Structure formats: C-alpha cells, structure tokens
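A.B. asks: Model the structure of this input:
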Amino acid sequence: MDSAQQSAVTPSKNKFVQAFAKFLHLRATTGVAPLDNFVRKVKPQDKVTNGLLEEDRNWDIQPQFDIKEKGSQQWDALEVLLAELFASISSLKAAYAHLQFAQRPYDGDGIQVADQIIVSELKNLADLKQSYVDEQLDLSLEISLLAEIKEQKSMVKTYEIMVKKLERQIKLKESEIAFLREKLDESSWQNRLLNKSTERSWSFSVPKNIHLSSLNHIHFDAFLKYTIESLRSFVRSMVDEMKSACWDLEAAAVAIEPGVIFQKEDHKCFAFESHVCREMFDGFQYPDFSLPKESLPQESQRRQQLFFDRFVELMSSEPRDSLRENTESAFAKFCRVKYMRLIHPQMELAFCGNLSLRNQLNAGDFPDTTFFAIFLEMAKRIWLLHCLGFSLENHASIFQVSRGCRFSEIFMETVAKEELQAADNMLEEYDQQVAFTVVPGFRIAGTVLHCQVYLMTSKPV
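C.D. replies: As a prediction, this is how the structure comes out:
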C-alpha cells in the first residue's frame, strides 16, 4: 500500500496495530501459548523448538502473517481488519442501544429493526473472520475509509439514542411537575374555599373551665377574627342603607379617604370599613376605653380579674338583655358613645327619615330595629375584645399605619390582592406604600397581629 493509503488510518489505530502485531509473537518472546482459546504459560519441562512447543507441532496451524515492517501487505491487512472490526462493534453497540430504547415503551418495529442490525453485524463479523483466515481481505483505501465512516456514524447514532432517552426522561419529569402543579393548584383552591367558609361561619366559644392565667395571644387573635366578621357585617348593612337612601358612594368614599384610587368598584367598601374601625377602636389603648366617669382598680391583678369577669359575663348573654338589666353599665355607655360618633345625624335622618334612634339613646333607652341590632352585636364584640386584651398579663396594644408608609409584611397584610399585584408591577418606580389602614393591628408582648391595609395603586404625587 502506498503512503496515501498508510495515512488513512489514525495514529491511535497505528499504535493498536503495533500492539496487536507484538501479540502475535507473544509465544516466541514470552513463552506464552494459546490453549482452547485461553492463555497458558509454558512449563519449564516443556521443550521449545523454533519458538513452538513439541505438542504444537501436532496442531493444525492456521495461516499466519509474517509482519516485518509498516507498509507490508500483512501490516495493511491488520489495519483493514481492525478498522472493520471497530466499525462492526460500534454498529453493534448502536443497535443494542436502539434495542433498549425500543423496549420501554414497547416499540415492536424498533425492536425488529435493531434485531436485524445485530444479526447482520454478527454475520459481517463472521465473514470478516473468514476473509482474514483465507487471506482475502480487501486492502483498498476505500474499504478503510468506509469502515471508519461506518464507525463514526454508529457512534453518532448511539449518541442520538442517548439524547432521545434523556429527552424522554425530561418529558416524564415535566409531566410529573405538571401533575404536581395541578395538585398544588387544587389544594390551594380547596384551602381558599375552606378559608372563605371559615370566615363566613366563624364562631367563638369560651372554653370550659378557662382561667385567667391560661389566657394568651392565641385567644385574642381568635376573638379578633370573630370581631372583624361582625364589623364587616355592619359595614355591609350600612352601605345597603346608603344605597337605599340614594347616597353617592364614590363621593362618600372620597370624603373618607381623599386622593385614593380604587382598583375595583367594590373596593370602596374598604374606605367605609376603615371609617367604622377608626371610630369603634378609638380609645382602645386605654383601660376605660375613654369613657367618661369610668373608675377602675389601680392594682394590676385586680384590674385583670375585673376585665376577665366582664368578658365571661357578657360573652354568655345577649347584648340587648345586658343593656336592659343595667342601662348605666360601662357597656351601655360604650354603645351610646360609639353610636353617636359613628352615625352622623344626617346619616340617621337619611336612613330612618327621623332621629328617633338618637333620641331614644339620649333618653336612656335602646332602639329595637334591625340596623341597631347589627350595630349592637358589633359593639359587643369590640367591647369584649377590649376586655380580653386587658385580661392578659401583657396588655394588647393597638396600632395603625399612616398613609405613605412603606408596606411591610412583618406588620401588615393587604385586604385586596389585586392592588398588591398592581403595586408589584410598579415596584421599579416606587416602593409599595400604604393608602390607609382598614383594620388596626395589635401587639401582645413579642407577638404582632397584622393590621390590614389598602395599598396605593398609582405613584404618589
């Protein structure tokens, strides 16, 4: 073979050919002889003549090439043999990978194709062996190049199958992720339904045999939710009365919270809720709730016990019954004062057509109307929340957030997710800022009960 043909084989294969050539002379140089397709060492007592054991003379010796130097016919034959051998092995590897890929999921046609390739390559290997034994190998350059091309194609095919296998695994993982996301969405939806159901049917009952010493912030937090439910029921009733009286709700909301842009029409109710909370919780931080001529024990433990007794007594009775029993009680004073401050005379006149409710309260009586009954239930719960807050060893302190303050998840929560998302979208322009406090927050020792706020949805001027 000429020099051009010699360069057709890669240097790495030339090294392998040299090693393979040395192996053919292994018996003569190292005293190792093949036996039944295995290798065994020559025993010292075995007589070696001309590089062969005596017993080897009786074997049917297969034709051997006498490899002397590169460029000889025997050397070229080994190069072609190894090139075609590597090509067939690579093809077998690719076919086996294809066979594995077609088994899961089951692909009958793919398995049949891979099986045919494996049978064909095994036959090619048998033919190659026979050609080598018969010294009928085609030593042309084209054969060597075709063998290397076949080897490279088989390697590419193997990698392609591996890529397909990885892509299948990725699709499987994506399907699992999609399934888990659906489960998460379903669980979130069910949680929202449960939360709404809990908010709508929230109830509170004093545990039996509860003692003053066992009260903590958990009881206060539970009763706060119970109180807010009643407060929002009153706000809805008040808004319905305003609609019946043909009031301009937008003008009323702007009067309460000027300059605030509401994302939705029904968000205006938060302005009314904020107004009710400000009036009803005003003075909450004081033990006497800012009531006139209200005397309390100076000693801390006696004061705690007094508030706890008030809580237990009023909690187990109807508010109207309690007012009738003692029209001059602290709770009765609280209801009169808060109603007068919350319901303006013009508002009462629009709702009722007269000022009879206000006149009855001034006369020491309590009206027997649906609107006042809803107010009375709200007032009872706020009064009881105040009693419970001052029954704790660490009294509950109230706080609210002013307009323009930066939103903080440590102390606040938003009442409307829509305006929080709108603020998130404009976060690059300005920090999320509070428009107004809807429901005040509370601190009990190191525990913070979030205040509920409405956020600004446009950049403040």
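A.B. asks: Residue 82: how many residues sit nearby?
C.D. replies: 18 (other CB atoms under 10 Å). Glycine gets a C-beta too; all of them are placed from N, C-alpha and C.
A.B. asks: Quick check: it is in a helix.
C.D. replies: Yes - counting by DSSP: H, G, I helix; E, B strand; the rest coil, one finds residue 82 located in a helix.
A.B. asks: From residue 128, how far off is it?
C.D. replies: In this view, residue 82 and residue 128 are 10 Å apart by CB to CB, to the nearest Å.
A.B. asks: And the helix or strand hosting residue 304, what does it pack against?
C.D. replies: In this assignment (DSSP states H and E), residue 304 forms part of helix 300-315. Here helix 300-315 touches helix 330-342, helix 370-389, going by 3 or more CB pairs under 8 Å, 6 or more residues apart in numbering; DSSP states H and E.
A.B. asks: The following helix or strand past the first one versus helix 330-342: what angle between them?
C.D. replies: Just to be clear, that refers to helix 330-342. The helix or strand immediately downstream of helix 330-342 is helix 345-352, counting by DSSP H and E. Helix 345-352 runs at 100 degrees relative to helix 330-342, counting by axes from the mean of the first three to the mean of the last three CA atoms, to 10 degrees.
A.B. asks: Now do helix 345-352, average pLDDT.
C.D. replies: For helix 345-352, mean pLDDT is 87.
A.B. asks: list the buried ones in that helix?
C.D. replies: Of the residues in helix 345-352, 347-348, 351-352 count as buried by neighbour count, 16 or more other CB atoms under 10 Å.
A.B. asks: contacts for it?
C.D. replies: 241-242, 244-245, 247, 355, 357-358, 369, 371 (CB atoms under 8 Å, 6 or more residues apart in numbering).
A.B. asks: Quick one: buried ones out of those?
C.D. replies: Neighbour counting over the contacts of helix 345-352 (16+ other CB under 10 Å) leaves 241-242, 357-358, 371 as the buried ones.
A.B. asks: what's the burial count for residue 148?
C.D. replies: Quick note: residue 148 (other CB under 10 Å) scores 18 neighbours.
A.B. asks: Wait, it touches residue 82, no?
C.D. replies: No - if you go by CB atoms under 8 Å, residue 148 and residue 82 don't touch, sitting 10.6 Å apart.
A.B. asks: which intervals of the stretch 201-350 of the chain have sub-threshold pLDDT?
C.D. replies: Scanning the stretch 201-350 of the chain for pLDDT under 70 picks out 201-210.
A.B. asks: Could I get the full set of helices for it?
C.D. replies: 217-244, 249-256, 269-281, 300-315, 319-325, 330-342, 345-352 (DSSP state H, counting those that start in this stretch).
A.B. asks: Need the winner for burial among those helices.
C.D. replies: Comparing the helices of the stretch 201-350 of the chain by mean neighbour count (mean count of other CB atoms under 10 Å), helix 269-281 ranks first with a mean of 22.
A.B. asks: what does it contact?
C.D. replies: Applying CB under 8 Å, 6+ apart, the external contacts of helix 269-281 come out as 231-232, 234-236, 238-239, 252-253, 256-257, 260, 262, 338, 341-342, 378-379, 382, 398, 415-416, 436-440, 454.
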